[in-house]
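In: quick one: sequence plus predicted model below, questions after.
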Amino acid sequence: IKHLQNTDFQKTIYPSRLTSMAILPSSSSTGVDKTSSAKVSYHRGQLAKLELSDGESLYAKLVVGADGGKSQVRELAGFKITGWNYYQNAVICTVEHSVENHCAWQRFLPSGPIALLPISDKFSNIVWTMNPNELDCKMNEDDFVKALNHALDYGYGPHPKSGVLGSADIFSWFRGDVTMSANECFEVPPKVVKLASERMVFPLSLKHANDYVAKRTVLVGDAAHTVHPLAGQGVNMGFGDASALSRIIADGIAVGTDIGEISLLKKYEAESKLANVMMMAVLEGFQKAYSVDFGPLNVLRAAAFRGAHHVSPLGRIIISFASGQLRLPFFS
Amino acid sequence: MGFSYRKAKFVAYEINGPRVQSHRLLRNGKAENKIGGFAESEKAKTMASRLSVMKHVPPNRPWSMIHLLNPRPFSTEHHQPPPVTNTTPSSLKQQELAKFSAIADTWWDSEGPFKPLHALNPTRLAFIRSTLCRHFRKDPYSPKPFQGLKLIDVGCGGGILSEPLARMGATVTGVDAVEKNINIARVHADLDPVTSTIEYCCTTAEKLVEEQRKFDAVIALEVIEHVAEPAEFCKSLAALTVPDGATVISTINRSMRSYASAIIAAEYILHWLPKGTHQWSSFLTPEELVLILQRASIDVKEMAGFVYNPLTGRWSLSDDISVNFIAFGTKNSQ
């Protein structure tokens, strides 16, 4: 785990693991701080002391836990989390195409969605949600590529024609500026040619820290909240957290506040917790809706999806909510 | 919060002859006729001087010098024991100070009795930052805009205001009449190398005037409502300011709304402050503050109010000066 430390506007990376973290008690008798068994150096005051695996110690006014779903900072600081297991795994890797791809694709299979997300002209990331043991981990590369292509395009009947329930008859008067996309032939995702990275698997669960802040510690991103990858919102929420935290800290420094003060950090928590919880509720709804394979429900789902696509104001709201411009979907 | 507050430009009006305002003060059911404001006529002057003696007499108590100081026992967030300008028995002072000392440990507990003050602090600092940067032509966007300025925080308490000012680059002196507050403030400030440069003194503004200390900006927030002689206090503050320096004073308005908010709501309903912390009669209206500052050769240039939003629990700056307000003035350069 790498650590970033800002010292006089210099960033230093310490490439070692965090082994322990403690808030040094203040010298005043009123301190309500965690007691530390470490020796209290008077001039260190109320800083947070971080001990690294290589024996080095760091002192910080504020520790930002941005170390992902299995956050060490969160564990050491004693944050409690709520959540549940999805009992699904996600397989991730980077793949290469023979043609350029600038579109993100997601196909909802019975066991879970597979997503193809472009990261540059010919490379994309794959996030494939599946039940555990569905795919043999020791499959060799070629077989895996074949399985990927199969999952992306083949099987489960012919390509849907745009005539079924999303047809010109019903939605033409909504369409407005969305012109011909509904009448186009069904597009297929680009073929995967080969893998460009190792395959990795991790279990999926929903996790949400009950608090995002403690004295001199704050959590951002996946350390504070872990979601299902099906809507691709995890990192967006993390970016939102980072932007809110940096703005709050800037405001605090502008009036000379100590950045580790909990009253300042609580402002960040109030703002980002609300937005994150709302987003997580929406995502959880999605996840539940897409986990059922029941004929009429599937048709309804597809209709709702096409409706959101064609009704442009709704589509715009959804897109701006997802891209982080609109933090709360209902109050503009 | 932040810098985008709306200014309430307050123009101090000239005194053209006698100007007397009459306030009916209802206190414990008794209506006292009180004259607020200062005027030029002899009659009004004698009445005004009588006012400054009358002002702090709590009902049902005999007049005496002792009661010129805030006699009610209280421990408070906006505390400031008045600077001792009259002769007072030292035993009384000890008693007052002891009460402050009792709660002094909780200064830096942001969830403790001083929580509303901690919540108000960033808003006050936003006003101070904005006005001082404009006056001294400093860049408000630099991380240390007060670099090179000498500031004094009169009635600093535990240093809640002094520490952020020091972090903004100022050379800060904090004074308070309560020894224990100064000790707490010093200990807390030493925890951070940036704030350990703050000079804390257990003294009063008057004593510093005798020592002929001068500062670029004199800041006395939530002090003047606890002072026996506000006019004298303002003269001391002015004496501490260099010519063309700045003076910032914040206090509570004397209005019906402030009686409802600062006395009834804050002390009796919400229990933010212990009962008896404030005397409504010792609050100053903005007009009075401007006038006494003018007599101390300080021109009030800007004024703003603080409003509390109970839904978000945050304070913000506004034009509404009917309850809490803060005034920024500059000393005439002579």
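Out: It's in. Residues are numbered from 1 along each chain as shown, chains lettered A, B, ... in the order given.

In: could you use CA atoms for every contact and neighbour count after this?
Out: Fine.

In: correct me, but B:Ile182 touches B:Ile160?
Out: No. The pair B:Ile182 / B:Ile160 is not scored as a contact, 11.4 Å apart, by CA atoms under 8 Å.

In: okay, the two: which has more neighbours?
Out: Legend: neighbour count by other CA atoms under 10 Å in any protein chain shown for B:Ile182 and B:Ile160, higher for B:Ile182 (25 against 20).

In: pull the contacting residues for that one.
Out: Residues in contact with B:Ile182 (CA atoms under 8 Å, 6 or more residues apart in numbering or on different chains) are B:157-159, B:175-176, B:200-202.

In: would you format these as a markdown table with distance to A:Glu271, secondary structure and pLDDT included?
Out: Shown next, in a markdown table, are the contacts of B:Ile182 (distance: CA to CA, whole Å; DSSP: H, G, I helix; E, B strand; the rest coil; pLDDT from 0 to 100):
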| residue | distance to A:Glu271 | secondary structure | pLDDT |
| --- | --- | --- | --- |
| B:Gly157 | 31 | coil | 90 |
| B:Gly158 | 30 | coil | 90 |
| B:Gly159 | 29 | coil | 93 |
| B:Val175 | 37 | strand | 94 |
| B:Asp176 | 37 | strand | 92 |
| B:Tyr200 | 37 | strand | 95 |
| B:Cys201 | 40 | strand | 94 |
| B:Cys202 | 41 | strand | 93 |
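
In: got these as a markdown table, with distance to A:Met139 and neighbour count columns?
Out: A markdown table is the format used below for those (distance: CA to CA, whole Å; neighbours: other CA atoms under 10 Å in any protein chain shown):
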| residue | distance to A:Met139 | neighbour count |
| --- | --- | --- |
| B:Gly157 | 70 | 28 |
| B:Gly158 | 67 | 27 |
| B:Gly159 | 66 | 27 |
| B:Val175 | 75 | 26 |
| B:Asp176 | 75 | 26 |
| B:Tyr200 | 72 | 23 |
| B:Cys201 | 75 | 18 |
| B:Cys202 | 77 | 16 |
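
In: low-scoring stretches of the stretch 51-200 of chain B, by residue?
Out: B:51-104 (pLDDT under 70).

In: show me which residues of it sit near chain A.
Out: Residues of the stretch 51-200 of chain B lying close to chain A by CA under 8 Å from any CA of the partner chain are B:105-106, B:109-110, B:119, B:122, B:125-126, B:129, B:141, B:143, B:163-168, B:184, B:187-188, B:190-193.

In: drop anything exposed from the residues you listed.
Out: Among those, those buried by neighbour count (16 or more other CA atoms under 10 Å in any protein chain shown) are B:105-106, B:110, B:119, B:122, B:125-126, B:129, B:143, B:163-168, B:184, B:187-188, B:190-192.

In: please enumerate the helices of chain B.
Out: Ranges of helices in chain B, per DSSP state H, are B:42-54, B:90-103, B:115-135, B:162-167, B:179-189, B:205-210, B:230-240, B:256-258, B:286-295.

In: ok, which of the ones you listed comes nearest A:Val227?
Out: Closest of the helices of chain B to A:Val227 is helix B:115-135, at 33.8 Å (criterion: CA to CA).

In: neighbours around the nearest residue to B:Gln147 once chain neighbours are set aside, how many?
Out: Distances taken as CA to CA, 6 or more residues apart in numbering or on different chains put B:Gly169 closest to B:Gln147, at 4.3 Å, once the chain neighbours are dropped. Neighbour count of B:Gly169, defined by other CA under 10 Å: 19.

In: ok, now the one 4 residues further on?
Out: By the other CA under 10 Å criterion, the neighbourhood of B:Thr173 contains 21 residues.

In: wait, it touches B:Leu149, no?
Out: No. Counting by CA under 8 Å, B:Thr173 does not reach B:Leu149; the two are 11.1 Å apart.

In: and the nearest residue in space to A:Ala104 that is not next to it in sequence, what element?
Out: Leaving aside its chain neighbours, A:Ala104 sits nearest to A:Leu117 (4.6 Å; criterion: CA to CA, 6+ apart). Using DSSP states H and E, A:Leu117 sits in strand A:113-118.

In: now A:His309
Out: helix A:295-310.

In: buried stuff in that helix?
Out: A:306-310.

In: and what of stretch B:128-136?
Out: Applying 16+ other CA under 10 Å to stretch B:128-136 flags B:128-133, B:136 as buried.

In: got the contact list for that stretch?
Out: Counting by CA under 8 Å, 6+ apart, A:255, B:3, B:138-140, B:145-146, B:246, B:248, B:302, B:328 sit against stretch B:128-136.

In: possible to save those residues as JSON lines with distance to A:Ile249 and neighbour count?
Out: As requested, the contacts of stretch B:128-136 are exported to JSON lines (distance: CA to CA, whole Å; neighbours: other CA under 10 Å):
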{"residue": "A:Val255", "distance to A:Ile249": "10", "neighbour count": "27"}
{"residue": "B:Phe3", "distance to A:Ile249": "15", "neighbour count": "16"}
{"residue": "B:Lys138", "distance to A:Ile249": "21", "neighbour count": "16"}
{"residue": "B:Asp139", "distance to A:Ile249": "19", "neighbour count": "13"}
{"residue": "B:Pro140", "distance to A:Ile249": "16", "neighbour count": "17"}
{"residue": "B:Pro145", "distance to A:Ile249": "17", "neighbour count": "24"}
{"residue": "B:Phe146", "distance to A:Ile249": "19", "neighbour count": "23"}
{"residue": "B:Ala246", "distance to A:Ile249": "28", "neighbour count": "27"}
{"residue": "B:Val248", "distance to A:Ile249": "26", "neighbour count": "23"}
{"residue": "B:Glu302", "distance to A:Ile249": "28", "neighbour count": "18"}
{"residue": "B:Phe328", "distance to A:Ile249": "27", "neighbour count": "23"}
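
In: among these, which lie within strands?
Out: B:246, B:248, B:302, B:328 (DSSP state E).

In: for the first one, give me its contacts.
Out: By that I understand B:Ala246. B:132, B:135, B:216-218, B:328-331.

In: apply 7 Å and report the result again.
Out: B:216-218, B:329-331 (CA atoms under 7 Å, 6 or more residues apart in numbering or on different chains).

In: please apply the same query to the last one.
Out: With CA under 7 Å, 6+ apart as the criterion, the residues that contact B:Phe328 are B:247-249, B:300-303.

In: ok, now how distant is the residue minimising distance to the centre of chain A from A:Val95?
Out: The residue lying closest to the centre of chain A (CA atoms, centre = their mean) is A:Gly234, at 1.3 Å. Relative to A:Val95, A:Gly234 is positioned 21 Å away (CA to CA, to the nearest Å).

In: what helix or strand does the nearest residue to A:Gly221 once chain neighbours are set aside sit in?
Out: Nearest residue to A:Gly221, sequence neighbours excluded (CA to CA, 6+ apart): A:Gly238, at 3.7 Å. Using DSSP H and E, A:Gly238 sits within helix A:234-254.

In: continuing past that helix, what's the next helix or strand?
Out: helix A:262-290.

In: in the stretch 101-250 of chain A, which spans are strands?
Out: Using DSSP state E, counting those that start in this stretch, the strands found in the stretch 101-250 of chain A span residues A:105-108, A:113-118, A:123-130, A:192-195, A:200-209, A:213-214, A:217-219, A:225-226.
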